[in-house]
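Trainee: Here's my sequence, what's the structure:
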Amino acid sequence: MEEEFLLIEPDSRTLSPRGLELVGEAAGDLGDRVGPELTRYQVELRTDPHTCLKEADDQIRATRTAAARAAARLGLRIASTGTPVLGRTDPVPITPGTRYARSAAHFRALDDEQTVCACHIHVGLPDPRDAVHVSNRLRPWLPALTALSANSPFEGGRDTGYASWRTMTWGRWPVSGPPPYFESPAHFDDLVGTLLEAEALIDRGGLYWDIRPSHHLPTIEVRVADAALTPHDTLLLAAVVRALTATALTALRAAEPAPRPAPELLRAACWRAARDGLAGHGIDPLTGRLEPQTALVERLLHTITPALRRHEDLDLVREQWQRLRTEGSGADRQRAAFRGRTDTHDVVDFVISATCAL
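Mentor: Predicted coordinates for the structure are as follows:
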């Protein structure tokens, strides 16, 4: 798992450009499990590979706590939210490095919108060549995953009206959003090669599709989620994505055809999920019909129940899903924090507190 965090000045609650300092401060405890991001407002934390979610949960909490303590030694805080609640300064301060400099020169003001944070889940595959076929089978569930993980309603001091504003900012990138349906691994390789030749990418690391075969690990990487507000939210997402991947592999081995929603419907369903999150209606990308988003998530959970049972994760997912039904998504909880005094400073304080919540 890879989690991205914003650095916050506690007095003003605005972003701090001291990401490299925090990486250095936290490295003594975390080693290479902490690293920089494109902007100096951010850092990334990584877990080791895990097969046991209890062990993953322990490491997620320990890693977040170590980073928060390192930030506190620098007079800073870390916040797990998909977008900065309060404003940033444009152009954003870019982390030094050849690749980041190339990105800034090539994509220009788009890099100013990279002050967004995500949670990426990697799932190991027995045969990495299966990654594109797994991607095909995960595509229809992207809207449900977007709603389940939405945690970016505020940006620049205002409520955007979206549960996941981060999802909308990503849509401006040339290679982003739901991936295409791939006919074969060769189709994937040919398309990526064409995108590189067309200079829509600077390298394979710039494939910002919501699902992609990892370019450096034998995994499928699910990148659709906002940074998770709490460790509980990260764990739920990891359990669901792992079970989805296992379900896809079972279907692949049985030679079941992959669902193939129209790209236009899938994109519209992802937009609706980003706008309304769990609180409203969503679009079923296979039928085009509006249904309560919670019903679409319930359908997802029903589909992966056999895999959850095999992984011994079913009770955990049921418990955490019930918690979300009661408390709301990260976006819902951020808005609840705002309603108390209608002050975005309260939202920032709430996110900081929730980032390392027990």
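Trainee: Which strands and helices lie in contact with the helix ranked longest in the chain?
Mentor: Identified as the longest helix of the chain according to DSSP state H is helix 231-253. Where contact means 3 or more C-beta pairs under 8 Å, 6 or more residues apart in numbering; DSSP states H and E, helix 231-253 is packed against helix 53-73, strand 118-124, helix 131-138, helix 142-149, strand 219-226, helix 293-303, helix 305-311, helix 314-327. Heads up, the C-betas are built off the backbone N, CA and C, glycines and all.
Trainee: and for the longest one, what are the contacting residues?
Mentor: The set of residues that contact helix 53-73 without belonging to it, under C-beta atoms under 8 Å, 6 or more residues apart in numbering, is 1, 3, 5, 7, 22, 25-26, 29-30, 33-34, 43, 45-48, 50, 77-78, 80, 231, 234-235, 238-239, 311, 313, 316, 355-356, 358.
Trainee: That helix versus helix 314-327: what angle between them?
Mentor: If you take axes from the mean of the first three to the mean of the last three C-alpha atoms, to 10 degrees, helix 53-73 sits at 50 degrees to helix 314-327.
Trainee: Check the offset of the helix or strand just after helix 53-73 from the chain's centre.
Mentor: Where DSSP states H and E defines the elements, the next helix or strand beyond helix 53-73 is strand 77-79. Distance of strand 77-79 from its chain centroid, counting by C-alpha atoms, centre = their mean, to the nearest Å, is 17 Å.
Trainee: what's the answer for stretch 56-74, then?
Mentor: How far stretch 56-74 lies from its chain's middle: 19 Å, per C-alpha atoms, centre = their mean.
Trainee: Quick check: buried residues in that stretch?
Mentor: Within stretch 56-74, the residues that count as buried by 16 or more other C-beta atoms under 10 Å are A56, D57, Q59, I60, R61, T63, R64, A66, A67, A68, A70, A71.
Trainee: try stretch 316-323
Mentor: By neighbour count on 16+ other C-beta under 10 Å, the buried set for stretch 316-323 is L316, V317, Q320, W321.
Trainee: Could I have the CA atoms of the worst-scoring helix or strand of the chain on mean pLDDT written out in CSV?
Mentor: Lowest on mean pLDDT, DSSP states H and E among the helices and strands of the chain sits helix 98-107, with a mean of 93. What follows is helix 98-107, C-alpha atoms only, in CSV (Å, rounded to 0.1, in the frame of the first residue of the first chain):
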residue,chain,number,x,y,z
THR,A,98,15.3,15.1,-13.0
ARG,A,99,11.9,13.3,-13.5
TYR,A,100,10.0,15.9,-11.6
ALA,A,101,11.7,18.7,-13.6
ARG,A,102,10.8,16.9,-16.8
SER,A,103,7.2,16.6,-15.7
ALA,A,104,6.9,20.3,-14.8
ALA,A,105,8.4,21.3,-18.2
HIS,A,106,6.2,19.0,-20.2
PHE,A,107,2.8,19.2,-18.4
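Trainee: What residues of it count as buried?
Mentor: Y100, S103, A104, F107.
Trainee: Repeat that for stretch 215-231.
Mentor: 219-231.
Trainee: okay, and for the stretch 251-358 of the chain, where does confidence drop off?
Mentor: Judged by pLDDT under 70, the stretch 251-358 of the chain has its weakly predicted residues at 358.
Trainee: hmm, back to that, quick one: buried ones out of the contacts of helix 53-73?
Mentor: 1, 3, 5, 7, 22, 25-26, 30, 33-34, 43, 45-47, 50, 77-78, 80, 231, 234-235, 238-239, 311, 313, 316, 355-356.
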